[in-house]
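*Asks:* Show me how the following folds:
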Amino acid sequence: EVQLVESGGGLVQVGGSLRLSCTTSVFLFEDYAFGWFRQAPGKKREAVSCISSSDDSAYYADSVKGRFTISSDNTKKTVYLQMNNLKPEDTAVYYCYADYRPVLGSYWGQGTQVTVSS
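*Replies:* As a prediction, this is how the structure comes out:
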């Protein structure tokens, strides 16, 4: 079974930075997509950033463009989300998502809390 383990969340002040990590037990060199989603209290889960093997460019939500960067390290089977210039509205539980279809299925991490204090 594919497992995703997230880390790197925490409490940070406005303007600060955090780097989230998502380590997967399986890393394919093609037919994959990785994403970071977040869910704030009382709100729907939303996509923050995604990368895939079929597209050279990454996706970023408008609210994080220019501040967040998604990257991956194949050797470490890890996907990162570098978050800079954090704002209170970035406060949420952040979830890692991996899509290995059609070879395997799609999977979610357990979530990591990010809190930005003003």
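*Asks:* Surely Glu46 touches Trp36?
*Replies:* No. The pair Glu46 and Trp36 fails to qualify as a contact (CB atoms under 8 Å) at a distance of 10.1 Å. Quick note: C-beta positions are derived from backbone N, CA and C, even for glycine.
*Asks:* Any idea what the residue nearest to Ala40 when sequence neighbours are not counted is bridged to?
*Replies:* With CB to CB, 6 or more residues apart in numbering as the measure, Ala92 is the residue that lies nearest to Ala40, at 4.2 Å, once sequence neighbours are left out. In this structure, Ala92 has beta-bridge partners Val114, where bridges are defined by DSSP bridges.
*Asks:* Could I get the contacting residues of Ala92?
*Replies:* 38-40, 43, 113-114 (CB atoms under 8 Å, 6 or more residues apart in numbering).
*Asks:* Would you mind listing the buried residues in the helix or strand of the chain with the lowest mean pLDDT?
*Replies:* The helix or strand with the lowest mean pLDDT-type score in the chain, counting by mean pLDDT, DSSP states H and E, is strand 55-60 (a mean of 88). For strand 55-60, burial by neighbour count (16 or more other CB atoms under 10 Å) applies to 58, 60.
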